[in-house]
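In: Here is a sequence together with a model predicted from it:
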Amino acid sequence: MMPIQKILNNQLLNKIVILTMLVNGFLFWSLPVHAVDSPIKNDEVIIFLPEVGYPLADGKQWDLRIHGWIYEPDWNSDFSIAFRTLFGLEEYQLEEKKYESITEERRKLFFVDNEGGKRIPIRIGAKTFVLEQSGRNGHFYGNLSVTAQEVEQWQDKTTHTIPFTAITRENDSRQFSGKIYLLDAKGISVISDIDDTIKVSEVHDKKALLANTFSRPFVPVPQMAQFYQQLANQEPGTTFHYVSASPWQLYPALIEFLDTYHFPLGSFHLRFFRWKDNSFFRLFQSSQPHKIEIIEHLLQWGPQRRFILVGDSGENDAEIYAMIARKYPERILRIFIHEVPRQNGNKLDYLAIFKGIPTAQWTVFTDATRLLAK
């Protein structure tokens, strides 16, 4: 057997993986920086979707979650007819002239060529990791086990995040960056819906919903940004997690919306949509299983954290949050439900929905002004 020093000195073998780890079912590699050959072609694009990092029970190790999407833009496709047909938009005239650029921009990501089979290398600090292979939908993941000392070294203390970048090819100067939002062992996490909770969507009016989603500028629910800033400032280390039935293709527009109207940034947990498999049909089904799964994960990742749940009366948020509050009575601080007009004019029976949950623990509101501190 060759001495280890000979192996390390062998220029050919410098590209050999020096550490392979299997963590929670996700395979990733930690490599010397010079050993990485990036698979990202010059005509491919990556969007990193904000995820979370959390300490393990001993406090010495952290799990950092990575989620990204790699695709090749196909901006020249004539996708307008297909898009309208699939979503049943023929009967609606959504494209007002002044909003044409918005309409085109939001539709683009529904018609890209997703790139499967790619192992994306990323750099955190001076360390490099190669993530799990991307699937047919172009999405890829990593679950990285790192030390508390590395987290302390890498984190941006202003935003309480760990920034990272994809490693591109030598002739590619583009930068694809992402952030991991850190959950301290203790603190408050705000789990928020998006449609009709912080953004006016009018879910119960199909015509208005489609226009508000694909053709019009996003409009905030009045005073909700101020309320969220108030929540963010009440206790240090408060984190935000946006859990929605919206498809991942709308993420760029949604993150721009949060930034424009000064909502606190945080992790995103949206739904998958792909023409070629059953994820297309799931987009039109109840969002309840998706939301419950994500909320349960967040509760498990921060077992000592307390949670505030914010939603609306349009998509079973009240029922979902009531179920969670009964299951984790000591973990849920407050529930806030924005009551929006329903198509049949009926209101939810909140006393029945929240039966057994103290009335001081849940609030239904139509005007967020009343939520602001006096």
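Out: Yes, it's here. Residues are numbered from 1 along each chain as shown.
In: in the biggest strand by length in the chain, what counts as buried?
Out: Of all segments of type strand in the chain, defined using DSSP state E, the longest is strand 61-72. When burial is assessed from 16 or more other CB atoms under 10 Å, strand 61-72 yields the following buried residues: 62-71. Placement of C-beta: from N, CA and C, glycine included.
In: so how far is Arg174 from the closest residue in space to Asn171 that isn't next to it in sequence?
Out: Counting by CB to CB, 6 or more residues apart in numbering, Asn42 is the residue found nearest to Asn171 once chain neighbours are left out, at 7.4 Å. Spatial separation of Asn42 from Arg174 under the definition CB to CB, to the nearest Å is 8 Å.
In: In terms of neighbours, single out the busier of these two.
Out: Comparing Asn42 with Arg174 by other CB atoms under 10 Å, the one with more neighbours is Arg174, at 12 against 9.
In: Any regions of the stretch 251-374 of the chain where pLDDT drops low?
Out: Per-residue confidence for the stretch 251-374 of the chain (pLDDT under 70) gives these ranges: 274-286, 343-345, 373-374.
In: For it, which segments are assigned as helices?
Out: Across the stretch 251-374 of the chain, reading from the start of the chain, the helices by DSSP state H, counting those that start in this stretch fall at 251-260, 279-282, 288-301, 317-327, 350-353.
In: Distance to Gln155 and mean neighbour count added to the ones you listed, as JSON lines?
Out: Putting the helices of the stretch 251-374 of the chain into JSON lines (distance: least, CB to CB, whole Å; neighbours: other CB atoms under 10 Å) gives the following:
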{"stretch": "helix 251-260", "distance to Gln155": "20", "mean neighbour count": "16"}
{"stretch": "helix 279-282", "distance to Gln155": "34", "mean neighbour count": "14"}
{"stretch": "helix 288-301", "distance to Gln155": "17", "mean neighbour count": "17"}
{"stretch": "helix 317-327", "distance to Gln155": "29", "mean neighbour count": "20"}
{"stretch": "helix 350-353", "distance to Gln155": "40", "mean neighbour count": "13"}
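In: Of these, which is nearest Asp367?
Out: The minimum distance between Asp367 and the helices of the stretch 251-374 of the chain falls on helix 350-353, with 16.5 Å, by CB to CB.
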